[in-house]
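Asker: sharing a sequence plus its predicted fold:
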Amino acid sequence: MKAELAEQEQRQRGQTPSKLELLVVLYVMGFMWEEVQEIFAVGLRSYLRNMWNFIDFLRNSLYVSVMCLRAYAYIQQATEIARDPQMAYIPREKWHDFDPQLIAEGLFAAANVFSALKLVHLFSINPHLGPLQISLGRMVIDIVKFFFIYTLVLFAFACGLNQLLWYFAALEKSKCYVLPGGEADWASHGDSCMKWRRFGNLFESSQSLFWASFGMVDLEDFELTGIKSYTRFWGLLMFGSYSVINVIVLLNLLIAMMSNSYAMIDEHSDTEWKFARTKLWMSYFEDSSTLPPPFNVLPSVKWVIRLSRKSSKAVDRQRSKKRQEEEQYSKYDNIMRALVWRYVAAMHRKFENNPVTEDDINEVKSEISTMRYEMLEIFENSGLDVSSANKKEK
């Protein structure tokens, strides 16, 4: 047993999916079938209106991509092992950078993140976490808006720094890769191996500026091999300008946008939370799967009963359509009745908190008297006899 486990640990390529991975595949099939049923039940347009469905779609797409890449990696590795059995024991550090299995593991990690974020949707039930969950959703929209401006600034400064320092970064790279076979000498030239990546190309420059927002880039990274004082001055000037624009201007702009969104939610927190909680409850009242994933992929009792019916499919479809129309009308009437009652109750509470005073009554009297004289004047100009109204006034 121990020998088998040791061999399995050494054999890193060509392994079949584990039991846990097969269970994940079953769950993914259940999630996908649930989303397909929801699209057929509510329609594609209504399905796309819910932002949480985009997370579900992205999560399922990542899982499907992982399954496809794992299948491709298994076929590729099995072919290599058939030619040379020692290929199964190649350690991961000697794999290709873009090996299909490594890409699949990265996508699988991202899919796990989206699966865990789905739990935030259930916070709408709690009266304390519900408003925070709504505020978080509004802040995500603000972050997306801010990201476009930030990306433009980041790309602009990355282009400038890469154009200015690419030659000296190449010199640092030549000092790093001096071992036979083009390997990096981290033991003797570890500093050069780190510095050349900062501004080696446009992608690396963009990464350096992004991590500079969190203090991960030092001024020592501009001390490149062969760099001149004038070039170093311009590099530090551009880096300083980027830091000022990013930290002082853009970051405070993002904080102000998120504070504004939170203030708007906090002002109507009770109403916003109750509305979000009602939407969550109503989503479970819809005609969807009887069983949760992954059991929804199995035939249920309801499906067997429908299959064994003697009536034709056309009659069932007509009855189902008629039932859905009746449910929609009934649901619409109930919602409108509840909204009207909610408005009346809110106005009633408002009048209880702010009762009618004598000044309000006198103001209404004056407005009615003014309207009366205006109407009499209009009638008199139209040729009507208003003498009787004048006598009643006297």
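Answerer: Received the coordinates, thanks.

Asker: just give the nearest non-adjacent residue to the residue positioned nearest the centre of the chain, would you?
Answerer: With distances taken as Cα atoms, centre = their mean, the residue of the chain nearest its centroid is residue 55 (5.9 Å). Spatial nearest neighbour of residue 55, chain neighbours left out: residue 114 (5.6 Å); criterion: Cβ to Cβ, 6 or more residues apart in numbering. C-beta: built from backbone N, CA, C; applies to glycine.

Asker: and residue 52, by the same measure?
Answerer: With Cβ to Cβ, 6+ apart as the criterion, residue 52 has its nearest non-adjacent residue at 5.5 Å, and that residue is residue 121.

Asker: mind listing what the residue nearest to residue 55 touches?
Answerer: Shown in contact with residue 114 (Cβ atoms under 8 Å, 6 or more residues apart in numbering): 55, 58-59, 62.

Asker: for residue 59, same thing?
Answerer: Listed by Cβ under 8 Å, 6+ apart, the contact set of residue 59 reads 31, 111, 114-115, 118.

Asker: go with 6 Å
Answerer: Taking Cβ atoms under 6 Å, 6 or more residues apart in numbering, we find residue 59 in contact with 111, 114-115.

Asker: other residues contacting stretch 95-103?
Answerer: Stretch 95-103 is contacted from outside by 69, 72-73, using Cβ under 6 Å, 6+ apart.

Asker: out of those residues, which are inside helices?
Answerer: Cross-referencing the contacts of stretch 95-103 against helices under DSSP state H gives 69, 72-73.

Asker: give me the lowest-pLDDT entry from those residues.
Answerer: Among the ones in helices among the contacts of stretch 95-103, residue 73 has the lowest pLDDT, at 87.

Asker: how many neighbouring residues does that one have?
Answerer: When neighbours are counted by other Cβ atoms under 10 Å, residue 73 registers 20.

Asker: and the next element down the chain from the host helix or strand of the residue nearest to the centre of the chain?
Answerer: Residue 55 belongs to helix 51-83 when elements are defined using DSSP states H and E. Tracing the chain past helix 51-83, the next element assigned as helix or strand by DSSP H and E is helix 100-117.

Asker: what mean pLDDT would you report for that following helix?
Answerer: The average pLDDT for helix 100-117 rounds to 89.

Asker: model confidence for the residue nearest to residue 52, exactly?
Answerer: Predicted confidence (pLDDT) for residue 121: 77.

Asker: low-confidence ranges in this structure?
Answerer: Across the chain, the ranges flagged by pLDDT under 70 are 1-11, 283-289, 302-303, 306-320, 348, 351-358, 386, 388-394.

Asker: where is the longest helix in it?
Answerer: For the chain, the longest helix by residue count, based on DSSP H, is helix 129-176.

Asker: how far does the next helix or strand after it sit from its chain's centre?
Answerer: Counting by DSSP H and E, the next helix or strand C-terminal to helix 129-176 is helix 186-195. Offset of helix 186-195 from its chain centre (Cα atoms, centre = their mean, to the nearest Å): 39 Å.

Asker: list the buried ones in helix 186-195?
Answerer: Of the residues in helix 186-195, 189, 192-193, 195 count as buried by neighbour count, 16 or more other Cβ atoms under 10 Å.

Asker: before we move on, what about stretch 212-230?
Answerer: Buried positions in stretch 212-230, judged by neighbour count with 16+ other Cβ under 10 Å: 212-213, 217, 221-222, 224, 227.

Asker: ok, now stretch 39-53?
Answerer: Neighbour-count burial for stretch 39-53 flags 42, 47, 53 (criterion: 16+ other Cβ under 10 Å).

Asker: rewinding a little: any chance of a markdown table for the buried residues of stretch 212-230, columns secondary structure and distance to residue 129?
Answerer: What follows is the buried residues of stretch 212-230, written out as a markdown table (DSSP: H, G, I helix; E, B strand; the rest coil; distance: Cβ to Cβ, whole Å):
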| residue | secondary structure | distance to residue 129 |
| --- | --- | --- |
| 212 | helix | 34 |
| 213 | coil | 29 |
| 217 | coil | 37 |
| 221 | helix | 42 |
| 222 | helix | 46 |
| 224 | coil | 50 |
| 227 | coil | 52 |
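
Asker: many thanks, have a good one.
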